[in-house]
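Asker: Need the 3D shape of this:
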Amino acid sequence: MYPGTWAQQTPDKPALVMAGSGRTLTYRELDERSLRLAHVLQDAGLATGDVVALLSDNRPEAYEVYWAALRSGLYVTAVNHNLSADEVSYIVRDCGAKALVVSPAKADLAAALDVEVGTRLTFEGDYEEALAGASTEPLAEQPHGEDLLYSSGTTGRPKGIKPPLPPIRVDEPGYIYVSVFGALYGFDPDTVYLSPAPVYHAAPLRFGGVIHALGGTLVMMEHFDAEAALRAIQEHRVTHTQMVPTMFVRMLKLPDEVRTSYDVGSLRAVVHAAAPCPVEVKRQMIEWLGPIVHEYYASTEANGATFIDSATWLAHPGSVGTALMGVLHICGEDGTELGPGEVGSVYFERDTLTFRYHNDEERTASTQHPAHPTWTTVGDLGYVDEEGFLYLTDRKAFMIISGGVNIYPQEVEDLFSLHPAVTDIAVLGVPDEEMGERVVAFVQPAPGAEPGDALAAELTAYARERIAHFKVPREFHFRAELPRTPTGKMVKGRLREEYAGGVAQP
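Answerer: Model (predicted):
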């Protein structure tokens, strides 16, 4: 299904509500406005397989663009609006966008782009003029569109992930995200889904689309704030939400009297993904909310997925579950499949190659298993236990080799996740003449914690009591803020550059 279905059945029902402002978009409005925009794009010459780029903060019109593309056989490229003009220009140019739609808050960024696009529209300006003059006649055909999203760019240039267009119409069943996740989490017309993350990211964008396809209500936050999220859950009687672990940490660090003052009893499922969740953080979330915390492991590439619920996780703490989509394989550097407990690259086996990196066949090939082209990896390391449960250890690009020993920064970062003096932490390896690499930590101190030698000594002692000494950071560098993407991924490349530049040298 798609919004047009619900525009006929429940025209005045909110399809989307902004948590802060209360702005509401009904199913009738979403259907009509996305239809008008689809006509605008077609009249501008966009045809099946072409790309419309979206540069927007969280606001209702973002889904008008999304559904205009999906009902027209177009690709929609939602661009990270926190990037520089050069980086945004690269993405808009690389995806081959023939149209660019921009929110007023990002108009200055759009004006600085060094790229030619045939059609440009800005919300609240010429966008409204274009929609007002557009047809509301049903489209002659509605081939299903798709997203063409770019990786977060935590290591190097963002990669465009281009799946094939679905071989169905937009009003036909079979779209993978609706069929897989709709059933998995019980999404239906009674669902009220809170989306606290940026709409340009894969999971928030896609899950919002799933909610609309199934007739629920999407409550979108303008930006995440821990207490505001709890307020939105109470006010809108939210039934489902998806968050990243850093959001969990911020909610858990709210004063108890604040956190427990909100009624969250309407929640039926709290989903988390996008980044590894420290064991103790997840345990406390389950203790607080009950056995409604669900986790899936996947990627923007959608090459495979695992799933685990609360009860199963409590029996397998730290696991991200068993295979939900694709067949799981753990392989060594030479492609040899490894046994239980052995750490290697995480591959998913599918019937066909499910994605390609846009304009980069070499990168696409690098994801494929040397002997099995339909087994692909996105660079994560992990192992499976005897029962087939997957445990992630870290990104391959982040692994530290010190004195010939593998050290996984994620383990060290998890250790400090709930430390009262730490708001955020990033652990990475830097060159060391003797050991090859040494472990270094960048720390954002919690309010009231004084950065300096005393805090570094406290954190060192804390770690030495809990993990092997060779894993303990040799250096702690304190920063007012660390470079995370809004979806929770640490941009370690920026910290490496800073260190290499001598800024952080002891």
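Asker: next structured bit after the longest helix along the chain?
Answerer: Ranked by residue count under DSSP state H, the longest helix found in the chain is helix 27-43. Using DSSP states H and E, the helix or strand that follows helix 27-43 in sequence is strand 51-55.
Asker: Enumerate residues external to that next one that contact any of its residues.
Answerer: With CB atoms under 8 Å, 6 or more residues apart in numbering as the test, strand 51-55 has contacts from 41, 46, 62, 65-66, 68-69, 74-79, 81, 88, 91-92, 95-103, 106, 109-110, 117, 148, 200. C-beta: built from backbone N, CA, C; applies to glycine.
Asker: what does the average pLDDT come to for whichever helix or strand comes after that strand?
Answerer: Counting by DSSP H and E, the element after strand 51-55 in chain order, helix or strand, is helix 61-70. For helix 61-70, the mean pLDDT works out to 98.
Asker: can you tell me which of the contacts of strand 51-55 are in helices?
Answerer: In this view, these that belong to helices under DSSP H are 41, 62, 65-66, 68-69, 88, 91-92, 95, 109-110.
Asker: domains in this protein, as residue ranges please.
Answerer: With domains defined by automatic domain parsing, the chain comprises 3-220, 405-500.
Asker: Now distance to residue 227 and mean neighbour count too, for those domains, in a markdown table please.
Answerer: Putting those into a markdown table (distance: least, CB to CB, whole Å; neighbours: other CB atoms under 10 Å) gives the following:
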| stretch | distance to residue 227 | mean neighbour count |
| --- | --- | --- |
| domain 3-220 | 12 | 20 |
| domain 405-500 | 15 | 17 |
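Asker: can you map out the strands along the stretch 101-250 of the chain?
Answerer: Taking DSSP state E, counting those that start in this stretch as the test, the strands found in the stretch 101-250 of the chain are 119-122, 146-147, 149-150, 160-162, 192-195, 217-220, 240-243.
Asker: The second one pairs with which strands, and in what direction?
Answerer: Yep, that's strand 146-147 we're talking about. When sheet partners are counted by DSSP bridges, strand 146-147 sits next to strand 75-78 (parallel).
Asker: The last one now?
Answerer: Counting by DSSP bridges, the strands paired with strand 240-243 are strand 192-195 (parallel), strand 269-272 (parallel).
Asker: and residue 337, what pLDDT?
Answerer: At residue 337, the model reports a pLDDT of 96.
Asker: Return the residues in contact with it.
Answerer: Residue 337 neighbours (CB under 8 Å, 6+ apart): 329-331.
Asker: Out of the helices and strands in the protein, which is least certain?
Answerer: strand 405-407 (a mean of 80; mean pLDDT, DSSP states H and E).
Asker: Which elements pack onto that strand?
Answerer: strand 400-402 (3 or more CB pairs under 8 Å, 6 or more residues apart in numbering; DSSP states H and E).
Asker: Contacts for the strand it packs on, please.
Answerer: 406-409, 427-429, 432, 435-439, 470.
Asker: Repeat the analysis, applying 6 Å as the threshold.
Answerer: The contact list for strand 400-402 (CB atoms under 6 Å, 6 or more residues apart in numbering) reads 407, 429, 435-437.
Asker: Nearest to residue 360 among these?
Answerer: Ranked by distance to residue 360 (CB to CB), the contacts of strand 400-402 are led by residue 429 at 26.7 Å.
Asker: in terms of contact, does that closest one touch residue 435 like I think?
Answerer: No. If you go by CB atoms under 6 Å, residue 429 and residue 435 don't touch, sitting 9.4 Å apart.
Asker: quick revisit: kindly reformat the domains of the chain as a markdown table containing distance to residue 393.
Answerer: Below are the domains of the chain laid out as a markdown table (distance: least, CB to CB, whole Å):
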| stretch | distance to residue 393 |
| --- | --- |
| domain 3-220 | 17 |
| domain 405-500 | 5 |
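Asker: among the ones you listed, which is nearest residue 276?
Answerer: Closest among the domains of the chain, once you apply CB to CB, is domain 405-500, at 5.5 Å.
Asker: can you give me the offset of that closest one from its chain's centre?
Answerer: 23 Å (CA atoms, centre = their mean, to the nearest Å).
Asker: What distance separates the opening and closing residues of it?
Answerer: Its start and end residues considered, domain 405-500 measures 22 Å (CA to CA, to the nearest Å).
Asker: try stretch 427-439
Answerer: For stretch 427-439, the first and last residues are 7 Å from each other (CA to CA).
Asker: before we move on, the earlier item: quick check, nearest of the ones in helices among the contacts of strand 51-55 to residue 231?
Answerer: Ranked by distance to residue 231 (CB to CB), the ones in helices among the contacts of strand 51-55 are led by residue 62 at 22.3 Å.
Asker: The closest one and residue 201: what is the separation?
Answerer: 12 Å (CB to CB, to the nearest Å).
Asker: Make sure residue 212 is actually in contact with residue 2.
Answerer: No. In this structure, residue 212 is not within contact of residue 2 by CB under 6 Å, at 7.2 Å.
Asker: can you tell me the helix or strand for the residue of the chain most remote from its centre?
Answerer: Most distant residue from the mean C-alpha position of the chain: residue 434, 37.9 Å away (CA atoms, centre = their mean). Assigned by DSSP H and E, residue 434 falls within no helix or strand.
Asker: Could you pull out the helices in the stretch 401-506 of the chain for me?
Answerer: Taking DSSP state H, counting those that start in this stretch to define them, one finds helices in the stretch 401-506 of the chain at 409-416, 453-464, 492-500.
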